[in-house]
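*Asks:* Quick one, fold the following:
(2 chains)
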Amino acid sequence: MVNTKVSLCGTELDNPVIPASGTFGFGYEFAELYDINLLGTLSFKGTTLAPRFGNPTPRIAEAHSGMLNAVGLQNPGVEKVISEELPKLFEVFNKPVMANVSGFSVDEYVKTVEMLDSVEGIGWFEINISCPNVHGGGMSFGTSPAAAEEVTRAVRRVTDKPIIIKLSPNVTDIASIAKACEAGGADGVSLINTLLGMRIDLKTRKPLIKNKTGGLSGPAIKPVAVRMVYQVYDAVKIPIVGMGGISSAEDVIEFMLAGATAVEVGAENLVNPYACRDIIEDLPRVMEKYKINSLDEIIGGAH
Amino acid sequence: MLDSIFTLKESRKIAKNTYEWVMEGDTSHITAPGQFVNIKLDGFYLRRPISVADVEGNNLTIVYKVVGEGTEKMANMPVGSELLVLSGLGNGYDLAPSGDAPLLIGGGAGVPPMFLLARRLTTLGKSVSVILGFGSADEIFYKDKFEKLGAEVYVTTADGSEGVKGFVTDAMPEISYSYFYTCGPEPMLKAVYDGSSASGQFSFEERMGCGFGACMGCTCETKYGNKRICRDGPVLVKEEIIW
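*Replies:* Have a look, this model is predicted:
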């Protein structure tokens, strides 16, 4: 019997598989398909202080082995998330969840985290400083070490829960951003968010996405993500949540060997709504195949 | 909603760039006309959302137009191919408010969902009128199938090569109806909205990521808040639409 348990910032997960924010809503819709309590945890839809409609449509375009999205952090705002969405999630999910928070100023991050901090059932904060699809905020905090450290420090002051900072791959040196988060008091980092991309329609000669640019996700970005997890593992001591194109149990092992303690599955949930369940169910088989008794033994094993 | 394997039983070209597929599989999750399925194709990351034209027993009929690489691949797939299909997506049309004489208005690729709707409404004994709008005569399909249901069928073509010359709205004034149902390109839907004092239901099209409400890729604003075309739609009622 293999052991799939891992410990993420002091809380044990039954397995390292976490649906990524923005691909799983607030979980309850997937609960119609399977028992979502088999997940390690889930990172819910990115939440901001004020409600956001997001970007105009089309927001989606296809790419080889992947997709572009420019949803733009559509969410009902933190008040409604607390009063309407989370109660529905907690009806079907009885494990601690990861609260994904975005903002357009340090103050917004702080206020949103403060409001969510008192909600029972939140086990971790995932602070998104890497959304490429919003203007004047989002990714701009994640592309400078000083700004990343400032956000981390500010959020650190208002919560005792573990803080995981979600990093952007759209930088020249992701390790330096991760180090700045660690210095600011982060308990972990998650990476990678989507890679900024564009596609152009040959008939209209215009970008396929109304926002012009979108974030690339899916298997196309996996080698980039594995490389960045590997580099960040060398640079920091805090745990890493790895993501980027994961679609199989083999991918989970690959990210853990690169240095991830847990992983998030994103775009794959959109093409296979059972993706996380399928990966979790397949993990023991793949662990046996590669002679892994306990997943926590392989973290960073490629170094 | 169900993700299951369907087998392609029949594939035929029925008009210019337009193909009809009959697939066999578990259709039990398809509960209303106007719903759609999302089809996984080898070599393409995202699925292809296609509306349901008809469903009878284990047979699912779809009609699609070749508009890009995905639909071109579909048109060349041999009978006997197996496909992973997410079925029972979207809300579909509500038959309850139809009245005794509903009018169904389909434009181009918006015609297929009108067929199952017409079949259900004629089965209920409704006096159904149908307007089918196309660009030109070589694009016309399903006219005879609607007639066989006993519906009153009007055809319009933009170039006047068959039926009424012009758009679907050019055929509307001569028909008396209690309520309408429509599906087609957005400019057509807007023209129908502006051109009728009756109430009705509109089916919208939008680029989708998942097709089941997870990714928020296809959100639109309505008078009753944000709606996801794939899950809260694709059918919206006239009273909630913001153009």
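*Asks:* Tell me if the helix or strand containing B:Tyr193 is near chain A.
*Replies:* Assessed by DSSP states H and E, B:Tyr193 sits inside helix B:186-195. No: using C-beta under 8 Å from any C-beta of the partner chain, helix B:186-195 stays clear of chain A, coming no nearer than 11.0 Å. To be clear about C-beta, it is placed using only N, CA and C from the backbone, and glycine gets the same treatment.
*Asks:* Which secondary structure state is assigned to A:Val232?
*Replies:* Following DSSP: H, G, I helix; E, B strand; the rest coil, we place A:Val232 in the helix state.
*Asks:* how many neighbours does it have?
*Replies:* Close neighbours of A:Val232, defined as other C-beta atoms under 10 Å in any protein chain shown, add up to 27.
*Asks:* if I read this right, it contacts A:Ala175, doesn't it?
*Replies:* Yes: the pair A:Val232 / A:Ala175 is scored as a contact, 5.5 Å apart, by C-beta atoms under 8 Å.
*Asks:* how about the helices in chain B?
*Replies:* Remark: helices assigned in chain B by DSSP state H are B:69-75, B:112-123, B:143-148, B:168-171, B:186-195.
*Asks:* Most tightly packed of these?
*Replies:* When you average the neighbours per residue for each of the helices of chain B (mean count of other C-beta atoms under 10 Å in any protein chain shown), helix B:112-123 leads with a mean of 23.
*Asks:* now for that one, which elements pack on it?
*Replies:* With contacts taken as 3 or more C-beta pairs under 8 Å, 6 or more residues apart in numbering or on different chains; DSSP states H and E, helix B:112-123 sits against strand B:48-56, strand B:59-65, strand B:102-107, strand B:129-134, helix B:143-148, strand B:179-183.
*Asks:* Dump the C-alpha coordinates for the longest one into PDB.
*Replies:* Backbone C-alpha positions of strand B:48-56 (Å, rounded to 0.1, in the frame of the first residue of the first chain) are rendered in PDB as follows:
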ATOM      1  CA  ARG B  48     -16.200  21.400 -29.900                       C
ATOM      2  CA  PRO B  49     -19.600  22.500 -28.700                       C
ATOM      3  CA  ILE B  50     -22.300  21.600 -31.100                       C
ATOM      4  CA  SER B  51     -26.100  21.900 -30.600                       C
ATOM      5  CA  VAL B  52     -28.400  18.900 -30.600                       C
ATOM      6  CA  ALA B  53     -30.500  18.700 -33.700                       C
ATOM      7  CA  ASP B  54     -32.500  15.600 -32.700                       C
ATOM      8  CA  VAL B  55     -32.400  12.800 -30.200                       C
ATOM      9  CA  GLU B  56     -34.400   9.500 -30.400                       C
END
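*Asks:* quick one: is it near chain A?
*Replies:* No: judged by C-beta under 8 Å from any C-beta, strand B:48-56 makes no contact with chain A; its nearest approach is 9.9 Å.
*Asks:* strand partners of the strand or helix carrying A:Ser7, parallel vs antiparallel please.
*Replies:* Using DSSP H and E, A:Ser7 sits within strand A:6-8. Strand A:6-8 has the following strand partners under DSSP bridges: strand A:11-13 (antiparallel).
*Asks:* Just checking, which helix or strand succeeds the strand it pairs with along the chain?
*Replies:* Using DSSP H and E, the helix or strand that follows strand A:11-13 in sequence is strand A:17-19.
*Asks:* Partner strands of that following strand, with direction?
*Replies:* Strand A:17-19 is paired, per DSSP bridges, with strand A:262-265 (parallel).
*Asks:* what's the offset of the next helix or strand after the partner strand from the middle of its chain?
*Replies:* Sequence-wise, the next helix or strand downstream of strand A:262-265 (DSSP H and E) is helix A:268-271. Distance of helix A:268-271 from the chain centroid (C-alpha atoms, centre = their mean, to the nearest Å) equals 14 Å.
*Asks:* How far off centre is the helix or strand following helix A:268-271?
*Replies:* Next in sequence after helix A:268-271, counting helices and strands by DSSP H and E, comes helix A:275-289. Distance of helix A:275-289 from the chain centroid (C-alpha atoms, centre = their mean) equals 20 Å.
*Asks:* how about the CA coordinates for helix A:275-289, as PDB?
*Replies:* Coordinates of each C-alpha in helix A:275-289 appear next as PDB, following Å, rounded to 0.1, in the frame of the first residue of the first chain:
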ATOM      1  CA  ALA A 275      -9.300  15.000 -14.500                       C
ATOM      2  CA  CYS A 276      -8.400  15.300 -10.800                       C
ATOM      3  CA  ARG A 277     -10.300  12.200  -9.800                       C
ATOM      4  CA  ASP A 278      -8.700  10.200 -12.600                       C
ATOM      5  CA  ILE A 279      -5.200  11.400 -11.700                       C
ATOM      6  CA  ILE A 280      -5.700  10.700  -8.000                       C
ATOM      7  CA  GLU A 281      -7.100   7.200  -8.700                       C
ATOM      8  CA  ASP A 282      -4.100   6.500 -11.000                       C
ATOM      9  CA  LEU A 283      -1.400   7.700  -8.600                       C
ATOM     10  CA  PRO A 284      -0.900   4.400  -6.700                       C
ATOM     11  CA  ARG A 285      -0.400   2.500  -9.900                       C
ATOM     12  CA  VAL A 286       2.200   5.000 -11.200                       C
ATOM     13  CA  MET A 287       3.900   5.100  -7.800                       C
ATOM     14  CA  GLU A 288       4.200   1.300  -7.800                       C
ATOM     15  CA  LYS A 289       5.500   1.400 -11.400                       C
END
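*Asks:* what about that helix and chain B, any contact?
*Replies:* No: judged by C-beta under 8 Å from any C-beta, helix A:275-289 stays clear of chain B, getting no closer than 10.8 Å.
*Asks:* Residues of chain B that sit close to chain A?
*Replies:* Within chain B, the positions near chain A by C-beta under 8 Å from any C-beta are B:1, B:3, B:40, B:44-47, B:86, B:206-210, B:212-221, B:226, B:231.
*Asks:* Need the contact partners of the strand holding A:Ser7.
*Replies:* A:12-13, A:15-16, A:40-41, A:124, A:162, A:188, A:239, A:241, A:261-262, A:295-296, A:299 (C-beta atoms under 8 Å, 6 or more residues apart in numbering or on different chains).
*Asks:* now stretch A:281-295
*Replies:* A:2-6, A:15-17, A:248-250, A:252-253, A:256, A:298.
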